[in-house]
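K.L.:
Pasting the sequence and the predicted model now:
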Amino acid sequence: MGFQYEKKADQPQKAWLVSVTVGRDIHRDAALELSELATSCGFEVCGITETKREKPDPKFFLGSGKTEEIAALAKQAAASVLIYDIALSPAQQRNIEKATELETLDRTSLILEIFRLRAKTREGRLQVELARLTHLSTRLVRGWTHLERQRGGLSKTGGPGEKQIELDRRMIATRVKALKEQLKRLEKQRNTQRRSRQKGELMTVALVGYTNAGKSTLFNRLTRGNVYAADQLFATLDTTARKCYVGEAKEVVLSDTVGFIRGLPHQLVEAFKSTLDEAAQADLLLHVVDSSSPAREEQMGEVNKVLEEIGASHLPQLVVFNKIDLEAKPPFISRDEKGLPKSVGISAQTGEGLDLLREAIREIVDRRDEAVDENVDDEDWLKPFER
């Protein structure tokens, strides 16, 4: 069994949120997104502080005065947890907890906890445990309540606290090694399945996008599947692949992948590498975008950052502007100067525009099939689609 950093059983679920803008790094909808993340993790949001900071304070990130102000507001609202919308260093997290006497979570810890709650398959649970242990290994002093804090005196070996921490580190290292070996075996199975699909010469298409953009709903519409879909962040974490009919006796293999988000913890990107490989190995990416979000440009940028990190930034993209029904817009298809499909406007919820999306995918499949018949290299037939 893996080690878990759990919230205390008797701890109230009220949380005070802290949304921080650092320098000019502005994210529209940041406060709303943080609130949705906290709610997705089971917390009751009782208030939020939105603040700016030119550069982080090394001790508290926001400085001692602001930290005291936040603590007073949180305690007045009967909150027992502070949730910061940035990544805190282990020292900053401990300092904030000591100064405020409130449990403190940062963005990384919050997202890791949501992934733990949502992972359903064996591979998903192993990936999340690996990410959480990697994160926990830097925070043992804070996260392990059974550790003794004292150290040995001058010119003596460390006391029992130091020895216990070293023991726990070795236990975590042993578990991490075992998890990596298990995931490597599962990755081999996934690669075998992927090769068998590729032998069928069907084009592979991967759905990617910001979390809650509507990927799973669209996947179900296109494949008549029953993948879990809900109006919440990270509703599904597990990759599913099915055949999808796009017209004129044409089929593709469509894969639904985990949603991306601003500040996606590096540990998760590393742990989910094999799952995200579904996107990296695809012939075409359908970049699903919530067209109704005022932060859609920033969200698209965050998705492209993760695609670059997993080696998928070179792949052709067809942008799918979803949720046009929320803007009362009609379905559309736009093309580049060469007449190739560039983006499609749809509503996965109502089904509007799905015929245009299938048409766009079919055009790209036809171009790929022509390239195969003419023995054209992949790099050459993909050039017109490069961004």
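P.N.:
Nice, I can see it.
K.L.:
Same question for Thr51, what's its three-state structure.
P.N.:
Following DSSP: H, G, I helix; E, B strand; the rest coil, we place Thr51 in the strand state.
K.L.:
which residues sit in contact with the closest residue in space to it that isn't next to it in sequence?
P.N.:
Computed as C-beta to C-beta, 6 or more residues apart in numbering, the closest residue to Thr51 that is not its neighbour in sequence is Val20, at 5.9 Å. C-betas here are computed from N, CA, C, even on glycine. Contacts for Val20 (C-beta atoms under 8 Å, 6 or more residues apart in numbering) come out as Thr51, Lys52, Arg53, Phe61, Leu62, Tyr84, Asp85, Ile86.
K.L.:
Are we agreed that Val20 is in a helix?
P.N.:
No: per three-state DSSP, Val20 lies outside any helix segment and is strand.
K.L.:
returning to that earlier point: which of the contacts of Val20 are buried?
P.N.:
Listed as buried from the contacts of Val20 are Phe61, Leu62, Tyr84, Asp85, Ile86; burial here means 16 or more other C-beta atoms under 10 Å.
K.L.:
give the contact list for the nearest residue to the second one once chain neighbours are set aside.
P.N.:
Once flanking residues are discounted, Leu62 sits nearest to Arg53: 6.0 Å by C-beta to C-beta, 6+ apart. The contact partners of Arg53, taken as C-beta under 8 Å, 6+ apart, are Val20, Thr21, Val22, Gly23, Phe61, Leu62, Gly63.
K.L.:
what are the C-alpha coordinates of stretch 72-83, in PDB please?
P.N.:
The C-alpha coordinates for stretch 72-83 follow below in PDB (Å, rounded to 0.1, in the frame of the first residue of the first chain):
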ATOM      1  CA  ALA A  72      -7.900  36.800  10.600                       C
ATOM      2  CA  LEU A  73     -10.500  36.700   7.700                       C
ATOM      3  CA  ALA A  74     -10.300  32.900   7.500                       C
ATOM      4  CA  LYS A  75     -10.800  32.400  11.300                       C
ATOM      5  CA  GLN A  76     -13.700  34.900  11.300                       C
ATOM      6  CA  ALA A  77     -15.300  32.700   8.600                       C
ATOM      7  CA  ALA A  78     -14.600  29.500  10.600                       C
ATOM      8  CA  ALA A  79     -12.300  28.200   8.000                       C
ATOM      9  CA  SER A  80      -9.800  25.600   9.000                       C
ATOM     10  CA  VAL A  81      -7.900  25.300   5.700                       C
ATOM     11  CA  LEU A  82      -6.100  27.900   3.600                       C
ATOM     12  CA  ILE A  83      -5.700  27.100  -0.100                       C
END
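K.L.:
which parts of that stretch are buried?
P.N.:
Result for stretch 72-83 [16+ other C-beta under 10 Å]: buried residues Leu73, Ala74, Ala79, Ser80, Val81, Leu82, Ile83.
K.L.:
what do you get for stretch 334-343?
P.N.:
Pro341, Lys342, Ser343.
K.L.:
picking that back up, okay, the contacts of Arg53 in JSON lines with pLDDT and distance to Ala31 next?
P.N.:
JSON lines is the format used below for these (pLDDT from 0 to 100; distance: C-beta to C-beta, whole Å):
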{"residue": "Val20", "pLDDT": "91", "distance to Ala31": "10"}
{"residue": "Thr21", "pLDDT": "88", "distance to Ala31": "10"}
{"residue": "Val22", "pLDDT": "86", "distance to Ala31": "14"}
{"residue": "Gly23", "pLDDT": "77", "distance to Ala31": "17"}
{"residue": "Phe61", "pLDDT": "94", "distance to Ala31": "17"}
{"residue": "Leu62", "pLDDT": "93", "distance to Ala31": "15"}
{"residue": "Gly63", "pLDDT": "90", "distance to Ala31": "20"}
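K.L.:
now, among these, which is nearest to Glu97?
P.N.:
Using C-beta to C-beta, the shortest approach to Glu97 within the contacts of Arg53 belongs to Phe61, at 12.5 Å.
K.L.:
Please enumerate the helices of the stretch 251-387 of the chain.
P.N.:
Remark: helices assigned in the stretch 251-387 of the chain by DSSP state H, counting those that start in this stretch are 266-271, 273-280, 296-309, 354-373, 378-382.
K.L.:
Reformat those helices into a markdown table and put mean pLDDT and mean neighbour count next to each item.
P.N.:
Conversion of the helices of the stretch 251-387 of the chain to a markdown table gives the following (pLDDT from 0 to 100; neighbours: other C-beta atoms under 10 Å):
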| stretch | mean pLDDT | mean neighbour count |
| --- | --- | --- |
| helix 266-271 | 75 | 20 |
| helix 273-280 | 74 | 21 |
| helix 296-309 | 91 | 18 |
| helix 354-373 | 85 | 17 |
| helix 378-382 | 54 | 14 |
